[in-house]
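Trainee: Dropping the sequence and predicted coords here.
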Amino acid sequence: MSAWQYDSARDLDVTPLERLRIFPREPDMLVYGARLISALLMRLWLRTYHRLSITGQGKLPKSESFVMVANHSSHLDALCLLAALQLRRVHHAFPAAAQDYFFVRSSRLIAAVVAVNALPFDRQARACESLNLCRQLLAAPGNVLIFFPEGTRSAAGEIAEFKSGVGLLLAGTRYPVVPCYLAGAYESWSRHRWFPRPGQIRLTIGEPRTYSDREGGIDSARHICAELRNEVLALAGDSQ
Amino acid sequence: MSVHAALQSDVFRFYLVITLEALVLAGGVIALLKWGFGAKVDQALRAYRGWLMMMPVLVFSILLGRGTSILFFTIVAMIAFKEFARATGLYRDWLMTAVVYLGIVAAGVISFVSDPHAHVPGWYGLFMALPVYVIAAILIIPIARNRVRGQLQSLALSIVGFIYFGWMFGHLAFLTNAVHAYSYLLFVLFAVELNDVAGYVCGKFFGVHPLRSNISPNKTWEGSLAALAVSMTLPWLLRFTLPDFQPRDCLLAGLIIGVGGQLGDLAVSVIKRDLGIKDMGACIPGHGGILDRVDSLVYTAPLFLHMIRYFHDLY
């Protein structure tokens, strides 16, 4: 009789808190349950306190993996984009979050992982490794990556230049990218406020596009990012 | 069991005092070894911190009453099963894992509700019959899925997980229904942990001959026999806390704790060695996982409860 093969969890020897820092994460029923409840509460909060309206929800790809990019001025941004997805996809949606900000202090770590399912993105030293991780996630069916290519929350609400990471990820691949524009999030909860104030937020979702015909390389990536930024600016113009 | 009853109970106060004394004494010894003799006590200090974390939670759960005690033991059983499921890979099978969790919750609820026929706390008949229903539910899953491959492994792991960590360990929660709950519950908890500590310490200082070399390389005959001697002596020393305990009961209780505790430890070690892991988890500093701490209780709790029930009745 041959011995059974056990597929043990890879993070057995670390504490429950430290497990949250490890990515890819092992599935955890408790975390999944907490995330689902949190997603429902967040949606209720956004729909009532912020009167969130979403335009173009039907344009989001149904089952394949895709990338969402949007302007970034508030912690509410990722929550709004997650609220545009079907509830069953919340465990397969990964907003890229700064490793040096969200994955250091325990309280932020728990919120980022349990509520948002954040993907730790190293903005400085190991950006290439982080991009490889993103490629692996996109290769699995049904995953959604959420990127804010400005790299950080805008200080005055304007849309800054897009960093080239997302362009490097998308160049030459078949994965659709969906540009989105968020209006009102800065006024509700900018980086200068410690608590959000009530105010309407509008999310406009653009047409998905692919960059399978583009070559790799930094120039091509910059070009893709510039195009995506223009697309987001165009959505901003439409939403006025 | 209630806050008032606990504070009025001589037995509860006695165990509270000796637990506090043991913690203070252990802290003093570690401090003396560290600063007095310059010994390396990192491992002992981590284990001590673990005890400092666990004891208040345990004491308050029992102090607050029967409901919180049952809730506490049910949560511990769920965490222990979670560690088992993560270590064996069973947790990737969501449905089987969920059914076992439900079974563990059911064991807790059945321990809490009253027997509708006998009108006493805890539905003993259903508690004893529970494995039939949970195993029946587990066996339905592959049939409902129309799946065969790997199902025997999942079924076996689920059934072992429920019986061992849900039901056998769940006897500890059921023990809270006894009229002399403080006497029995606190004795079994104290004696089993003392048995563990005695085995570890004596094995460390006097251990030469390995007990089960393939299963647990650090356990020795010397440590094991010393732990057995401590456990056999303890019921006689604590006889004043155990109502109507005859010499026969002291002998049996000593054997259950001394032999059963060590067998429980070794039984979980067999699982760990087969999986090729050292600890089941890392949630208690210096102790590993919850399962590494409660493994001896899994074996002793049901044996102790049935001994009490046979010779004294719970109510």
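Mentor: Ah, there it is. Residues are numbered from 1 along each chain as shown, chains lettered A, B, ... in the order given.
Trainee: Checking whatever residue of chain A ends up closest to chain B next. Helix, strand or coil?
Mentor: Going by C-beta to the nearest C-beta, chain B is nearest to residue A:7 of chain A, at 3.4 Å. To be clear about C-beta, it is placed using only N, CA and C from the backbone, and glycine gets the same treatment. Classification of residue A:7 using DSSP: H, G, I helix; E, B strand; the rest coil returns coil.
Trainee: how many neighbours does it have?
Mentor: Residues near residue A:7, counting by other C-beta atoms under 10 Å in any protein chain shown, number 11.
Trainee: Now it: closest residue in space that isn't a chain neighbour?
Mentor: residue B:89 (3.4 Å; C-beta to C-beta, 6 or more residues apart in numbering or on different chains).
Trainee: wait, the one you found sits on residue A:9?
Mentor: Yes. Using C-beta atoms under 8 Å, residue B:89 makes contact with residue A:9 at a distance of 7.4 Å.
Trainee: Can you check which residues contact both of those two?
Mentor: Residues touching both residue B:89 and residue A:9 (C-beta atoms under 8 Å, 6 or more residues apart in numbering or on different chains): there are none.
Trainee: circling back to that earlier point, where does the residue of chain A closest to chain B land on pLDDT?
Mentor: Looking at residue A:7, its pLDDT is 87.
Trainee: Mind telling me what element residue 46 is part of?
Mentor: Picking chain A for this. helix A:29-48 (DSSP states H and E).
Trainee: Actually, chain B is the one I wanted.
Mentor: With DSSP H and E as criterion, residue B:46 is part of helix B:42-64.
Trainee: in that helix, what counts as buried?
Mentor: Within helix B:42-64, the residues scored as buried using 16 or more other C-beta atoms under 10 Å in any protein chain shown are B:44-45, B:47-48, B:50-51, B:54, B:58-59, B:61-64.
Trainee: Kindly report the same for stretch B:209-218.
Mentor: Result for stretch B:209-218 [16+ other C-beta under 10 Å]: buried residues B:211, B:212, B:215, B:216.
Trainee: between the residues you listed, which is nearest chain A?
Mentor: Of these, the one sitting nearest to chain A (C-beta to the nearest C-beta) turns out to be residue B:215, at 16.0 Å.
Trainee: Longest helix in chain A, please.
Mentor: helix A:218-239 (DSSP state H).
Trainee: who does that one touch, helix- and strand-wise?
Mentor: The elements that helix A:218-239 packs onto, with contact taken as 3 or more C-beta pairs under 8 Å, 6 or more residues apart in numbering or on different chains; DSSP states H and E, are strand A:66-70, helix A:165-170, strand A:177-183, strand A:202-205.
Trainee: quick one: which of the buried residues of stretch B:209-218 is nearest residue B:234?
Mentor: Nearest to residue B:234, judged by C-beta to C-beta, of the buried residues of stretch B:209-218 is residue B:211 at 20.7 Å.
Trainee: Next, format the helices and strands packed on helix A:218-239 as CSV and append mean neighbour count and mean pLDDT.
Mentor: Converted to CSV, those look like this (neighbours: other C-beta atoms under 10 Å in any protein chain shown; pLDDT from 0 to 100):
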stretch, mean neighbour count, mean pLDDT
strand A:66-70, 24, 93
helix A:165-170, 24, 88
strand A:177-183, 24, 93
strand A:202-205, 21, 93
